[in-house]
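[1] only geometry, no sequence info:
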């Protein structure tokens, strides 16, 4: 969530809990363009300005100064309820914990500096830090939404629509290029309330079939956000307009999953709150 951790290729696949029914597509820069955007007219606002206003409404630059971030969400799907926890402590400590439906196992992945690990708590093994770096590009949907203005480009307003009874601007955008991969081939869509700039949802196109040989075909995803509230902050401090949504629904391939956030907190974790398992740290 900290702006300094958002420079890696855009991917929220680290939230992917296949066993829970949550599989968020990573933003492959090779996915096909979804439709052609019509030319802007005098009545069409500047799309980049729309996105900047929407991000500013939920805290904007205040997120650049945070020292820690934590979310806890219940994942509700056809296979039961699961739990996803994501934590970040500046400058480089991240941890993702997934509790499978019905308590059928816990998976943890973390990275602190150049040390990374994954596995069940108490039985984790060291992994390549590059694998864990996926978390620096996502972590959870909160991270994605608060960085729309910095992680995307080529914004185009493609008209208005109605979402949950609210008039909304539809804005097409491309993930920024990273490394050798160009971002020109893929476009996402974000929906912004025309009355107050609330971020209502995001549509993610399906990745190309040949991106990963022999991998199951993935469809596009429709994500909607509701119930924006102030984030939790330490006692005595104001949230400074920093907002987080408390409910998100994800639909893909006819499967619907709901995330209900019980915690969205900023600067409530102490430095050192995330540390490698003792046996992995000792093996360095």
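    Everything's here; your move. Just so it is clear, the structure is predicted and the values come from calculations on it, not from any experiment.
[2] and the one helix or strand residue 262 maps to, what's its mean pLDDT?
    In this structure, residue 262 sits in strand 255-266 according to DSSP states H and E. Here the mean pLDDT over strand 255-266 is 95, rounded to a whole number.
[3] now swap in stretch 106-126 and tell me
    The predicted confidence, averaged over stretch 106-126, sits at 90.
[4] In the sheet, which residues pair with residue 263? Tell me.
    residue 72 (DSSP bridges).
[5] which residues touch it?
    The contact partners of residue 263, by Cβ atoms under 8 Å, 6 or more residues apart in numbering, come to 70-72, 232. C-beta here means a position set from N, CA and C on the backbone, and glycine is covered the same way.
[6] Using CSV, lay out those residues together with neighbour count, distance to residue 261 and pLDDT.
    Rendered in CSV, the data for the contacts of residue 263 read as follows (neighbours: other Cβ atoms under 10 Å; distance: Cβ to Cβ, whole Å; pLDDT from 0 to 100):
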residue, neighbour count, distance to residue 261, pLDDT
70, 22, 11, 95
71, 24, 6, 95
72, 17, 7, 95
232, 15, 11, 97
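[7] of those residues, closest to residue 164?
    Closest approach to residue 164 among the contacts of residue 263 (Cβ to Cβ): residue 71, at 22.9 Å.
[8] do you know how far the closest one is from residue 152?
    21 Å (Cβ to Cβ, to the nearest Å).
[9] try residue 79
    Residue 79 sits 32 Å away from residue 152, going by Cβ to Cβ.
[10] got it, and residue 53?
    Relative to residue 152, residue 53 is positioned 15 Å away (Cβ to Cβ).
[11] Show me which of the two is the more surrounded one.
    The neighbour comparison of residue 53 against residue 152 (other Cβ atoms under 10 Å) goes to residue 152, with 23 against 16.
[12] model confidence over the longest helix along the chain, on average?
    Once the chain is assigned using DSSP state H, the helix that runs over the most residues is helix 47-57. Regarding helix 47-57, the rounded mean pLDDT is 97.
[13] Adjust the sequence numbering to begin at 2 for everything that follows.
    Fine by me, first position is 2 from now on; the one you just mentioned is helix 48-58.
[14] Would you indicate which residues of the helix or strand harbouring residue 84 are buried?
    Taking DSSP H and E as the criterion, the element that holds residue 84 is strand 81-90. For strand 81-90, the buried set under the neighbour-count rule, 16 or more other Cβ atoms under 10 Å, comprises 82-90.
[15] just checking, residue 109 touches residue 95?
    No: taking Cβ atoms under 8 Å as the definition, residue 109 is not a contact partner of residue 95, at 11.3 Å.
[16] which of these two has more neighbours?
    More neighbours sit around residue 95 than around the other of residue 109 and residue 95, counting by other Cβ under 10 Å; the figures are 24 against 19.
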